[in-house]
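> when you get a sec, could you give me coordinates for this:
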Amino acid sequence: MRNSISSTDVSLLARLQQTAHDEVAWYDFVDRYGSRIFQWCEIRGLQPNDAEDVTQQVLIRMSRYLRNFEYNASLSFRAYLRRATENSITDFLSSRNGRERPGGGTEMMNWMASVEARNELADRLKDVFDAELLEHAMFRVQQRVNDQRWQAWYQTAVKQRDSREVAQELGIGIATLYSARNQVGNLVRDEIQLLENPESGAVGIWVTVLPAMSLMR
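So this is what the prediction gives:
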């Protein structure tokens, strides 16, 4: 059944890494990040055309950082995404140095370079970072478990399908499905904890969310 999983069921980060020519992954990336970056530009006074230019250029740079992602166990996943965002803004500002500046002129560009501005954008992307964290944890766990156990969890906890129907499709008993689902759910929670708090091991915010997804139906 693994081969039947849609590419959209795989972590967006993994899809961006797999190929530079995955148009669906690129459009999903733009949809996920673009509107928030555009709003960040607009709320600070950039004209729509300038906001679109900034958004596109920052997205291109972010996609490059994410495509070359290598997990650093000393850095939380959300902190990595935040750093990639900040570095993308820095790259964009460097590329505009000495060139015509967008609608707000030098003052606007100086604001974009400020810590306040970068923090504001990171806050706007917080829910996107959370989604990436969950997806990446799921992707890592999927590589470590057999397909039957993964589908027992994924189809019932994420897709919210009826447990008995999924058990019948997988050719397993309902008790086996519940056991596999709980085991994989625990692995996903552990992976989220590791990605979110690689040094302290403290429980991240998604750990409080996932149990609700894992309730037996």
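
> so who does Arg144 touch?
By CB atoms under 8 Å, 6 or more residues apart in numbering, the contact set of Arg144 is Leu187. For the C-beta atoms, the positions are set from N, CA and C on the backbone; glycine is no exception.

> look up how far Ser11 lies from the residue nearest the centre of the chain.
The residue lying closest to the centre of the chain (CA atoms, centre = their mean) is Glu132, at 1.7 Å. For Glu132, the distance to Ser11 equals 8 Å [CB to CB, to the nearest Å].

> now do stretch 185-192, average pLDDT.
Mean pLDDT, computed over stretch 185-192, is 94.

> name the residues of it that are buried.
The neighbour-count check on stretch 185-192 (16 or more other CB atoms under 10 Å) flags 185, 187-189, 191-192 as buried.

> go on, stretch 121-128?
Buried residues in stretch 121-128, counted by 16+ other CB under 10 Å: 121-122, 124-125, 128.

> pull up the distance across it, start to finish.
This stretch, stretch 121-128, spans 11 Å end to end (CA to CA, to the nearest Å).

> pLDDT and distance to Phe139 added to the buried residues of stretch 121-128, as JSON lines?
Formatted as JSON lines, the buried residues of stretch 121-128 follow (pLDDT from 0 to 100; distance: CB to CB, whole Å):
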{"residue": "Leu121", "pLDDT": "85", "distance to Phe139": "25"}
{"residue": "Ala122", "pLDDT": "83", "distance to Phe139": "23"}
{"residue": "Arg124", "pLDDT": "85", "distance to Phe139": "24"}
{"residue": "Leu125", "pLDDT": "87", "distance to Phe139": "20"}
{"residue": "Val128", "pLDDT": "87", "distance to Phe139": "16"}
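
> looking at those residues, spot the one nearest Leu75.
Distance to Leu75 across these (CB to CB) is lowest for Ala122, with 14.7 Å.

> let's see which of the buried residues of stretch 121-128 end up in helices.
Filtering the buried residues of stretch 121-128 for membership in helices, criterion DSSP state H, returns 121-122, 124, 128.

> can you list those in a markdown table and add distance to Leu66?
Output for those, formatted as a markdown table (distance: CB to CB, whole Å):
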| residue | distance to Leu66 |
| --- | --- |
| Leu121 | 16 |
| Ala122 | 15 |
| Arg124 | 17 |
| Val128 | 12 |
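
> just these now: which is nearest Asp22?
Among those, and counting by CB to CB, the member closest to Asp22 is Val128, at 18.6 Å.

> so who does that closest one touch?
32-33, 36.

> if we use 6 Å, what do you get?
Val128 is in contact with Arg32, counting by CB atoms under 6 Å, 6 or more residues apart in numbering.

> separation between it and Val141?
Val128 sits 21 Å away from Val141 when distances are taken as CB to CB.

> try Leu194
Leu194 is 11 Å from Val141, where distance means CB to CB.

> who's more crowded, these two?
Neighbour totals were compared for Leu194 and Val141, and Val141 leads with 22 against 17 (other CB atoms under 10 Å).

> hang on, the earlier thing: report the buried residues of the helix or strand that contains the residue nearest to the centre of the chain.
If you go by DSSP states H and E, Glu132 is part of helix 126-142. Neighbour-count burial for helix 126-142, counted by 16+ other CB under 10 Å, picks out 128-130, 132-142.
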